[in-house]
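Trainee: Have a look at this fold, sequence not included:
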């Protein structure tokens, strides 16, 4: 309860937003919850099959009970970590008790709670902490001979992460060797079958993408996480995982235990059998040390084996010696987490830090933007597309947020700039830029600063001293209450007269193809007040009816909100598609429709005197001249 309480207190004191992966998981967990609330059980299971696409989706499902109990707040998802902590402690205590008595169980629990990587990850919403608890439970069930329960836990473990079998492979091999007779029985394999049957439907749908991501793991981000040799990486792994203190303690205890074993009879040797079990559990360390993706948190599920080894070697020592040896890790945890003795850190590790009360104005930013497409040119740990997308999801802001990060093609970034309503980047500040992941961000910033289409509309100071600068694309939109919108001198439209859902009419549209650019202009008129914040979809088709680009966008970027439109209001939108596929001498067509982004439902075309209807009456087809 001490470690659980310390984690809960830390989570309540800390105000820093999550970083990349944890923000992404939290956003998708809220999406899953919304699917349950809006679509019921069928909608919930429908989202389950597609929610992450290339990663096991179970992590997005686990927070649902917490949201039901505590409300639709991202912080409620950390109840999953608290529950996982209790499960991990129960499993590691039971293993310690089995091989060394209740005292060994308590020591194993204590070491798990005081290991830097484990208590650090309990404060991040990542897969690895829940994965650690799941692996510990799987090991316990296998050792206790509960094959069916082991198979079920492994099945759900694989839905957490595709590499779950790596963590239990060694221990399963140890069990198979010591229980060879059971392997010849069909009943044994039938009991183990849930390990395959539970995750098989989901992975059957996504196997190609999952396999591709697994093969490419570590490539794009190797420089960011560190591309060190095995020896150097092993040292970092020990420093950031169990800590040098526990690593040295385990080595000393092993030597001490070997010396002591020489003084006792074979009947008194109690830890030789669990030693082989622990070696089997920790065997995947070799894979991670020599593997391609040098991310230290991936070894977290192996750390309870080290905690159990320390406990078994310590449980026969005197209480004073044990207390003295285990006092320092507790002091280190208190200092690293709460700064009891000042701001200095005991462990230099990525996943442990002192709580921070600094509030980053993510919610204020998304509220001021209201709606539309947003592109981020910055990529820092607490100011990136994932953290803003989480804020937008929490506040239900209809924003479509993307980033220049991960892009390798400058032309693709230019295409992104042509289709956005807002561009944001953070100027300066103490947080380091993830330059490896955002090589084209600086070029996008420079392009926006020198573009006549964009103008800076406001800025906001960040806690790290940086300034978030927000640019709006002013080339795009015009609006007139009650009609009479003249537009600009160069605005020319072909009459369309298409009415969507008896709410909004596309009265005119025009397009002009240049080499590398297609300019499209829309003229809208309100027929009756819209009941949703509608988006326009535009598919650009070449002369072979192949889609060569998209101009999907919230109408007027939500400014003003469509819910405020009144009959007779008029609007003009201008969009540019930049693509090497666009050539001035080729013919193109536009497939245009109106849809509700939240539900994905298209409005039907109820009138199209000039533009023919297509897509089963939910779009119109416009020829580009």
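Mentor: Received, thanks. Quantities reported herein were computed from a predicted structural model and do not represent experimental measurements. Numbering: from 1, shown residues only.
Trainee: what stretches of the stretch 351-500 of the chain score poorly on pLDDT?
Mentor: Scanning the stretch 351-500 of the chain for pLDDT under 70 picks out the ranges 435-436, 487, 489.
Trainee: Now do the buried residues in the longest helix seen in the chain.
Mentor: Scanning the chain for the helix with the most residues, using DSSP state H, yields helix 20-48. The neighbour-count check on helix 20-48 (16 or more other C-beta atoms under 10 Å) flags 20-30, 32-36, 44, 47-48 as buried. To be clear about C-beta, it is placed using only N, CA and C from the backbone, and glycine gets the same treatment.
Trainee: now swap in stretch 569-583 and tell me
Mentor: For stretch 569-583, by 16+ other C-beta under 10 Å, it's 569, 570, 571, 572, 573, 574, 575, 576, 577, 578, 579, 582.
Trainee: circling back to that earlier point, show me what the longest helix of the chain is packed up against.
Mentor: Here helix 20-48 touches helix 58-61, helix 64-70, helix 385-395, going by 3 or more C-beta pairs under 8 Å, 6 or more residues apart in numbering; DSSP states H and E.
Trainee: One more pass at 6 Å, please.
Mentor: Packed against helix 20-48 by the contact rule (3 or more C-beta pairs under 6 Å, 6 or more residues apart in numbering; DSSP states H and E) you find helix 58-61, helix 385-395.
Trainee: Centre of the chain to the shortest one, how far?
Mentor: Its chain's average C-alpha position is 11 Å from that of helix 58-61, according to C-alpha atoms, centre = their mean, to the nearest Å.
Trainee: Parallel or antiparallel, list what pairs with the strand or helix carrying residue 622.
Mentor: Secondary-structure element containing residue 622, defined by DSSP states H and E: strand 619-624. Looking at strand 619-624 with DSSP bridges, its partner strands are strand 588-596 (antiparallel), strand 613-614 (antiparallel).
Trainee: just the ones you listed: most buried one?
Mentor: Mean neighbour count (mean count of other C-beta atoms under 10 Å) peaks for strand 588-596 among the strands paired with strand 619-624, with a mean of 21.
Trainee: Show the average pLDDT along the helix or strand just after that one.
Mentor: Counting by DSSP H and E, the next helix or strand C-terminal to strand 588-596 is strand 601-602. Mean per-residue pLDDT for strand 601-602: 92.
Trainee: just stretch 283-300 next, same as before
Mentor: 87.
Trainee: ok, and for the strand holding residue 622, which residues are buried?
Mentor: 619, 620, 621, 622, 624.
Trainee: distance of residue 464 from residue 356?
Mentor: Noted for residue 464: a distance of 10 Å to residue 356, by C-beta to C-beta, to the nearest Å.
Trainee: Also residue 441?
Mentor: For residue 441, the distance to residue 356 - C-beta to C-beta - is 25 Å.
Trainee: For these two, indicate the residue with more neighbours.
Mentor: Neighbours per residue, other C-beta atoms under 10 Å: of residue 441 and residue 356, the larger number sits with residue 441, 24 against 13.
Trainee: who touches that one in this structure?
Mentor: If you count contacts by C-beta atoms under 6 Å, 6 or more residues apart in numbering, residue 441 has them with 377, 404.
Trainee: try residue 553
Mentor: residue 536.
Trainee: quick one, phi psi at it?
Mentor: The phi/psi pair for residue 553 (degrees, to the nearest 10) reads phi -170, psi 150.
Trainee: Repeat that for residue 73.
Mentor: phi -130, psi 140.
Trainee: Give me the number of neighbouring residues for it.
Mentor: Neighbour count of residue 73, defined by other C-beta under 10 Å: 11.
Trainee: what's the distance between it and residue 8?
Mentor: Remark: distance between residue 73 and residue 8 (C-beta to C-beta) = 15 Å.
Trainee: cool, and residue 392?
Mentor: In terms of C-beta to C-beta, residue 392 sits 27 Å off from residue 8.
Trainee: The longest helix of the chain versus helix 385-395: what angle between them?
Mentor: Relative orientation of helix 20-48 and helix 385-395, computed by axes from the mean of the first three to the mean of the last three C-alpha atoms, to 10 degrees: 50 degrees.
Trainee: quick check: mean pLDDT across helix 20-48?
Mentor: The model assigns helix 20-48 a mean pLDDT of 95.
Trainee: try stretch 235-252
Mentor: 92.
Trainee: same deal with stretch 128-146?
Mentor: For stretch 128-146, mean pLDDT rounds to 96.
Trainee: Give me the residues contacting it.
Mentor: Residues outside stretch 128-146 that contact it (C-beta under 6 Å, 6+ apart): 81, 84, 87-88, 91-92, 94-95, 121-122, 149-150, 153-154, 157, 160-161, 167-168, 171, 175, 297, 300-301, 304.
Trainee: From the chain's centroid, how far away is it?
Mentor: How far stretch 128-146 lies from its chain's middle: 24 Å, per C-alpha atoms, centre = their mean.
Trainee: List just the one of the helices and strands packed on helix 20-48 that sits closest to residue 369.
Mentor: helix 385-395 (8.4 Å; C-beta to C-beta).
Trainee: Mind giving me the packing neighbours of that closest one?
Mentor: So helix 385-395, by 3+ C-beta pairs under 6 Å, 6+ apart, packs with helix 20-48, helix 362-369, strand 399-403.
Trainee: next helix or strand past the shortest one?
Mentor: In this case it means strand 399-403. Heading C-terminal from strand 399-403, the first helix or strand you meet, by DSSP H and E, is helix 410-418.
Trainee: same for that next one, what does it pack against?
Mentor: Applying 3+ C-beta pairs under 6 Å, 6+ apart, one finds that helix 410-418 makes contact with strand 570-578.
Trainee: sorry, back to before: mind giving me TSV with the helices and strands packed on helix 385-395 and columns for distance to residue 497?
Mentor: Compiled in TSV, those are given as follows (distance: least, C-beta to C-beta, whole Å):
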stretch	distance to residue 497
helix 20-48	34
helix 362-369	33
strand 399-403	29
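Trainee: Among those, which comes closest to residue 594?
Mentor: strand 399-403 (15.9 Å).
Trainee: ok, of the buried residues of strand 619-624, which one's closest to residue 452?
Mentor: Closest approach to residue 452 among those (C-beta to C-beta): residue 624, at 24.5 Å.
Trainee: separation between that closest one and residue 208?
Mentor: Counting by C-beta to C-beta, the gap from residue 624 to residue 208 is 35 Å.
Trainee: In contact with residue 605, which residues?
Mentor: Applying C-beta under 6 Å, 6+ apart, the residues near residue 605 are 498, 613, 617, 620.
Trainee: what residues go with each domain of this structure?
Mentor: Per automatic domain parsing, the structural domains of the chain span 7-200+224-338, 362-473, 483-624.
Trainee: mind putting those domains in CSV, distance to residue 214 included?
Mentor: Shown next, in CSV, are these (distance: least, C-beta to C-beta, whole Å):
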stretch, distance to residue 214
domain 7-200+224-338, 6
domain 362-473, 18
domain 483-624, 29
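Trainee: what's the closest of the ones you listed to residue 351?
Mentor: Short answer: domain 7-200+224-338, nearest of those by C-beta to C-beta, at 3.7 Å.
Trainee: Extract the residue ranges of the stretch 151-300 of the chain that are flagged as low pLDDT.
Mentor: Residues of the stretch 151-300 of the chain meeting the criterion pLDDT under 70: 215-228, 260-273.
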